[in-house]
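Undergrad: what shape does this take:
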Amino acid sequence: MTVETVPVWPAIGAPAGEARFEEIVGAAQSLLDSEHVRRAIGEVATPYGVCREPSNVAAGGHACPLRFRCLGCEHFSTDVSYLPDLKAHLADLLRSRERLMSAFEADEWARTQAMPSSEEISRVRRLIDRVTTDLDQLTAEDRTQIEQVVTLVRRSRTVHLGMPRVGQPLPDVRPPRIHQP
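TA: Numbers count the residues shown, from 1 in each chain. Below is the predicted model of the structure:
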């Protein structure tokens, strides 16, 4: 995979800006390359991070023993590039909880099953807090670099994740039919 370099010299200054930009692009390319290698050797993508659960990885992400409750699994991990997704998920959980608590009548069992748990909401909040705390400890320059790399990673992820994968066709091992006249 190659990252296109687009001149941005007016934004960051010509000679120094070019070197800085090349450094950022190099870091982004390295991050993308390592992400592809990691996935190839034992991870599958999830909506908010990656899964390293062996049976799920072996099944290409289609055999989660927790029925895709990634946030509560020890095999799940996330990083700064998923922060916007985690924030959107938290907002969605809170909206769902409010809607289910007040909007309509339903059997108690159905409401309980559909209701986001307080543990799930707390877990998402902790993940968001941990990532933002780590970001807040960085210098403004480092934060800017990370934001630029995250933008490239997220752009790459939207291209590759969710796309159907077509495997190699299986060989036809059936014996040929012999027609008798």
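Undergrad: how about the contacts made by V153?
TA: 28, 31-32, 35, 81 (Cβ atoms under 8 Å, 6 or more residues apart in numbering). From N, CA and C alone the C-beta is placed, and that goes for glycine too.
Undergrad: so where do the helices sit in the protein?
TA: Under the criterion DSSP state H, the chain carries helices at the ranges 9-12, 14-40, 54-58, 83-102, 108-114, 118-136, 140-160.
Undergrad: quick one: average confidence on the shortest one?
TA: Within the predicted structure, the mean pLDDT of helix 9-12 is 44.
Undergrad: name the spans of the protein whose pLDDT lies under the cut-off.
TA: 1-17, 34-41, 103, 158-177, 179-181 (pLDDT under 70).
Undergrad: return the distance of T151 relative to L83.
TA: T151 sits at a distance of 12 Å from L83 (criterion: Cβ to Cβ, to the nearest Å).
Undergrad: cool, and T112?
TA: In this structure, T112 and L83 are 30 Å apart, going by Cβ to Cβ.
Undergrad: again, but for D107
TA: Going from D107 to L83 by Cβ to Cβ gives 37 Å.
Undergrad: T112 and L83: which is more packed in?
TA: Taking other Cβ atoms under 10 Å, T112 and L83 do not tie; L83 has more neighbours (18 against 11).
Undergrad: need phi/psi at P65.
TA: phi -70, psi -20 (degrees, to the nearest 10).
Undergrad: thinking again about what came up before, now render the contacts of V153 as JSON lines, adding neighbour count.
TA: As requested, these are exported to JSON lines (neighbours: other Cβ atoms under 10 Å):
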{"residue": "A28", "neighbour count": "20"}
{"residue": "L31", "neighbour count": "18"}
{"residue": "L32", "neighbour count": "20"}
{"residue": "E35", "neighbour count": "20"}
{"residue": "S81", "neighbour count": "20"}
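Undergrad: just send those residues back as CSV, with distance to I146 too.
TA: Listed next are the contacts of V153 as CSV, based on distance: Cβ to Cβ, whole Å:
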residue, distance to I146
A28, 10
L31, 10
L32, 14
E35, 15
S81, 9
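Undergrad: sweet, I'm off.
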